[in-house]
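A.B. asks: Build me a model from this:
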Amino acid sequence: MSVFVDLLSQARQRIDVLVYAAVFLHEAYPRLNDLLRERAGEGCAIRIAVGDADDPNVQQRGREEKFGHGIESRCRLALLHYRPLADVPGIELRTHGTTLYNSLYRADDQMLVNAHVWGVNAYGAPVWHLRRHGDGCMFDTYAGSFDAVWETARPVEG
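C.D. replies: As a prediction, this is how the structure comes out:
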């Protein structure tokens, strides 16, 4: 958990989070919203995209993981955790219905990529720590993936 919190704490310019739920962040670090408010207050642009529990792609993921409606419940819970941030200047919150191949946690020029594995819950899949080294690198591929999903996501009102 400290790797995630340390990464987000160090961000000065940008934080991007793309997940279906990742409720472990709030459960393991109850001050997460405070941390994000602090980062935004210091000028860090924050974009958070969580899964739309009513979207067929999200529901399909639950079936593939043999988790039933658990993923939908976790998406709703994640939205409850993040919703208080929807009106905070510098923080944007959206929901998405994409087929999510990776969960992404970006802080400036570093990113944690949770590679999803078919039939396996995200906590059982590997996490890679990427650092940007020049243009056109693997980091930029994942950053571009975030941007593409972000463009399809729907804003959440506070």
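
A.B. asks: How are the helices of the protein distributed by residue range?
C.D. replies: Counting by DSSP state H, one finds helices in the chain at the ranges 2-10, 24-28, 32-41, 56-64, 70-82, 138-152.

A.B. asks: Which one of those helices lies nearest to G97?
C.D. replies: helix 56-64 (5.2 Å; Cβ to Cβ). No exception for glycine: its C-beta is placed from N, CA and C like everyone else's.

A.B. asks: now for that closest one, which elements pack on it?
C.D. replies: Packed against helix 56-64 by the contact rule (3 or more Cβ pairs under 8 Å, 6 or more residues apart in numbering; DSSP states H and E) you find helix 70-82.

A.B. asks: ok, now with 10 Å
C.D. replies: The elements that helix 56-64 packs onto, with contact taken as 3 or more Cβ pairs under 10 Å, 6 or more residues apart in numbering; DSSP states H and E, are strand 45-51, helix 70-82, strand 91-96.

A.B. asks: Could you check how far it is from the centre of its chain?
C.D. replies: Helix 56-64 has its average C-alpha position 17 Å from the chain's average C-alpha position, going by Cα atoms, centre = their mean, to the nearest Å.

A.B. asks: Report the angle between that helix and strand 45-51.
C.D. replies: Taking axes from the mean of the first three to the mean of the last three Cα atoms, to 10 degrees, one finds that helix 56-64 is oriented at 60 degrees with respect to strand 45-51.
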